[in-house]
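Trainee: Need coordinates for the following:
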Amino acid sequence: MSEEKKEEIEQEVVENQEEQTCEDNATSEVKEETVESVRAELEEKLKEAEDKYLRVHADFENIKKRLEKEKYQAIDYASEKFAKDLLTPIDTLEMALAAEESAKDLKAEELLKKLKEGVELTIKNFYTVFEKHEISTIDTSGEFDPNFHDAVMQVDSSEHEDGQIVQQLQKGYKYKERLLRPAMVSICKK
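Mentor: Numbering: from 1, shown residues only. Below you'll find the predicted structure:
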């Protein structure tokens, strides 16, 4: 091969190498720009996610505080309906006292009869309120049940079996299935 030909080939090889180096540099810059842009994009998404998380967490905390406040208000005012319903029996008792003024010219028997009617009406009003709020009396007929009865005395009775309730001394009440007050009873002891 001639010298000129060698030089031409060498020149082409050098030019190819320079082109390759330029392309490699350009690719490297593109890669760096791509990595930087991807990193910036990911950082932006991370910031958005953190912001979204903080907002959701703040909303959750606000809801939690509101529910806590509502819960305590519900507890504080849970008896409001029951208290309102007790106003009717109170009104009946107050009307009975006011009627005493207008009943001065009645005979004692008539006054006693009217007073008894007023008390019966008041008791009926109380039981209506109790029924409405699922308060019931405890049954005292039959066997003694220590879950609902409080035996305060034992008596002999030929009419009752041993352990049976002979007499109710004070009514017992339960709210739904929960005991409010046991019934005071006397039981048969043989």
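Trainee: Give me the domain ranges for this protein.
Mentor: Using automatic domain parsing, the domains assigned to the chain come out as 1-78, 79-133, 137-190.
Trainee: what pLDDT, on average, does the first one get?
Mentor: Model confidence over domain 1-78 averages 81 on the pLDDT scale.
Trainee: How about stretch 124-134?
Mentor: Here the average pLDDT along stretch 124-134 is 92.
Trainee: What helices and strands are in contact with the strand or helix carrying Glu120?
Mentor: Assessed by DSSP states H and E, Glu120 sits inside helix 108-132. When contacts are defined as 3 or more C-beta pairs under 8 Å, 6 or more residues apart in numbering; DSSP states H and E, helix 108-132 sits against helix 80-102. All C-beta spots, glycine's among them, are computed from the backbone N, C-alpha and C.
Trainee: List the contacts of the helix it packs on.
Mentor: Helix 80-102 is contacted by residues 114-115, 118-119, 121-122, 125-126, 129, 132-133 when judged by C-beta atoms under 8 Å, 6 or more residues apart in numbering.
Trainee: hang on, the earlier thing: so of the domains of the chain, which one's packed in deepest?
Mentor: Among those, domain 137-190 has the highest mean neighbour count (mean count of other C-beta atoms under 10 Å), at a mean of 14.
Trainee: Next, Glu161: phi, psi?
Mentor: phi -80, psi 160 (degrees, to the nearest 10).
Trainee: how far away is it from Ile187?
Mentor: 10 Å (C-beta to C-beta, to the nearest Å).
Trainee: how would you label the residue most central in space within the chain: helix, strand or coil?
Mentor: Note on the chain: the residue nearest the mean C-alpha position is Lys71, at 6.3 Å, using C-alpha atoms, centre = their mean. Put simply, Lys71 is helix when judged by DSSP: H, G, I helix; E, B strand; the rest coil.
Trainee: Going forward, count from 36.
Mentor: Yep, numbering from 36; the last one is Lys106 now.
Trainee: Could you check how far it is from Glu115?
Mentor: From Lys106 to Glu115 the distance is 15 Å (C-beta to C-beta).
Trainee: Could you do Ile222 as well?
Mentor: As judged by C-beta to C-beta, Ile222 and Glu115 stand 40 Å apart.
Trainee: Same check on Leu128?
Mentor: 21 Å.
Trainee: The helix or strand that comes right after the helix holding Glu155 pairs with which strands, and in what direction?
Mentor: Using DSSP H and E, the helix or strand that follows helix 143-167 towards the C-terminus is strand 170-172. Partners of strand 170-172 in the sheet, by DSSP bridges, are strand 208-210 (antiparallel).
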